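Peer 1: Let's see this in three dimensions:
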Amino acid sequence: MVKVSVKRYVSRRVEIIREEVKVGVEKLRRKTLRRLHEIFQAAAKVAGDDVKHQRVKGKMIRIGVGQR
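Peer 2: As a prediction, this is how the structure comes out:
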């Protein structure tokens, strides 16, 4: 049977967990940036006068110049 020290086992587990966290953070960052991009594109359409109406509580409401 192979003898493995506790210190080596713990350090290896910490390494694995760090990699998993790194991948998770990168995935979260990509998703957040994609959503922010969509929000800014929608805001640019409203500001650029491409969108005339907006749905609020199920009803279409006209967006006035002052609301842009």
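Peer 1: Name the nearest residue to H53, sequence neighbours excluded.
Peer 2: M60 (4.7 Å; C-beta to C-beta, 6 or more residues apart in numbering). Placement of C-beta: from N, CA and C, glycine included.
Peer 1: Now whichever strand or helix holds the one you found - C-alpha only, CSV.
Peer 2: Under the criterion of DSSP states H and E, M60 resides in strand 59-62. C-alpha atoms of strand 59-62 as CSV (Å, rounded to 0.1, in the frame of the first residue of the first chain):
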residue,chain,number,x,y,z
LYS,A,59,-49.5,46.9,-20.9
MET,A,60,-47.7,48.7,-23.7
ILE,A,61,-46.8,52.2,-22.6
ARG,A,62,-45.4,54.9,-24.9
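Peer 1: Within the sheet, what are the partner strands of it, with directions?
Peer 2: With DSSP bridges as the test, strand 59-62 is paired with strand 53-56 (antiparallel).
Peer 1: what does the partner strand rub up against?
Peer 2: Residues outside strand 53-56 that contact it (C-beta atoms under 8 Å, 6 or more residues apart in numbering): V46, M60, I61, R62, I63.
Peer 1: Try it again at 6 Å.
Peer 2: M60, I61, R62, I63 (C-beta atoms under 6 Å, 6 or more residues apart in numbering).
Peer 1: can you count the residues close to the closest residue to the last one other than its chain neighbours?
Peer 2: On the basis of C-beta to C-beta, 6+ apart, the spatially nearest residue to I63 that is not a chain neighbour turns out to be Q54, at 5.3 Å. Other residues within reach of Q54 by the criterion other C-beta atoms under 10 Å amount to 13.
Peer 1: Residue ranges in the chain under the pLDDT threshold?
Peer 2: Applying pLDDT under 70 to the chain flags residues 1-2, 64-68.
Peer 1: measure K59 to K52 for me?
Peer 2: 14 Å (C-beta to C-beta, to the nearest Å).
Peer 1: likewise V14?
Peer 2: Counting by C-beta to C-beta - V14 and K52 are separated by 56 Å.
Peer 1: can you check L28 too?
Peer 2: 35 Å.
Peer 1: T32 now?
Peer 2: 30 Å.
Peer 1: on that earlier part again, can you name the residues bridging to the residue nearest to I63?
Peer 2: I61.
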